[in-house]
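J.: sequence unknown, structure follows:
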């Protein structure tokens, strides 16, 4: 942990993360249905009653209301505080790992996007453009700030991530005579490449394919269910962000003796 991390910064990071998690819940609930993220205002999914601001405070409101809507008293899914808590912990973890740096912000935003994409893809076999293309824009914008990756590296990573997965999809469709790669996965890799650069994009694809093959392929063969590849790409991207340089160095030393 960096020496200059102050407790106030850590508290702020966790609070900001919980707030982002609250917005991620909105994305999880609305984007798969093609709904606006702005209108209508926050409301109970059961009775439709509007949720007041004091009942919409991340984590705290759910606890004070004992997990029930103030108006209809029906249960509120534990998903809401769970996502808020997880994103808060992600932002806190990045603050602890990188301190008050742009790298911490970059990792926090990337991991928040990856979590949201994973939940939606696991449930709906869908990766909304608002997340992949919006994340692409965020990754390129963050590359303009001090620290890695540079804007050139970010652009190259986005192009390579998009291009490689597009090529895999085209080749797979030609071989298997049916769509082999979803458009959402391809656009997601452009986003990942913008955050991680070319090496990180390639590592993400390799790790995602490896994890998908080991974990889900046996299930898919037995049940004929499609593979939510975005979940495994998210896992690969998270590993690449945290340990990418170490893995690349290990591979280079092992294979090339560099």
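T.: Sure thing, it's come through. The structure displayed is predicted, hence computed values, not measured ones.
J.: mind checking pLDDT for the nearest residue in space to residue 98 that is not next to it in sequence?
T.: The spatially closest residue to residue 98, leaving aside those adjacent along the chain, is residue 104, at 3.9 Å (Cβ to Cβ, 6 or more residues apart in numbering). For every residue, glycine as well, the C-beta is placed using N, CA and C. Turning to residue 104, the model gives it a pLDDT of 95.
J.: who are the packing partners of the helix or strand hosting residue 104?
T.: Residue 104 is located in helix 102-124, with elements delineated by DSSP states H and E. Helices and strands touching helix 102-124, as assessed by 3 or more Cβ pairs under 8 Å, 6 or more residues apart in numbering; DSSP states H and E, comprise helix 7-30, helix 79-98, helix 129-142, helix 183-211, helix 229-255.
J.: can you do 6 Å?
T.: Secondary structure elements in contact with helix 102-124, counted by 3 or more Cβ pairs under 6 Å, 6 or more residues apart in numbering; DSSP states H and E, are helix 7-30, helix 79-98, helix 129-142, helix 229-255.
J.: report the distance from the first one to the chain centre.
T.: Spelled out, it's helix 7-30. 13 Å (Cα atoms, centre = their mean, to the nearest Å).
J.: residue 80 against residue 24, yeah?
T.: No. At 10.0 Å, residue 80 does not count as touching residue 24 under the criterion of Cβ atoms under 6 Å.
J.: ok, for the residue positioned nearest the centre of the chain, nearest residue in space, not its chain neighbours?
T.: Most central residue of the chain, judged by C-alpha distance to the mean C-alpha position with Cα atoms, centre = their mean, is residue 114 at 1.0 Å. Excluding its sequence neighbours, the residue lying closest to residue 114 (Cβ to Cβ, 6+ apart) is residue 234, at 3.9 Å.
J.: pull the contacting residues for the one you found.
T.: With contacts defined as Cβ atoms under 6 Å, 6 or more residues apart in numbering, residue 234 is in contact with 114, 117, 118.
J.: sorry, back to before: so of the helices and strands packed on helix 102-124, which one's packed in deepest?
T.: Looking across the helices and strands packed on helix 102-124 with neighbours counted as mean count of other Cβ atoms under 10 Å, the highest average goes to helix 79-98: a mean of 20.
J.: check which helices and strands that helix sits against.
T.: Under the contact criterion of 3+ Cβ pairs under 6 Å, 6+ apart, helix 79-98 touches helix 7-30, helix 102-124.
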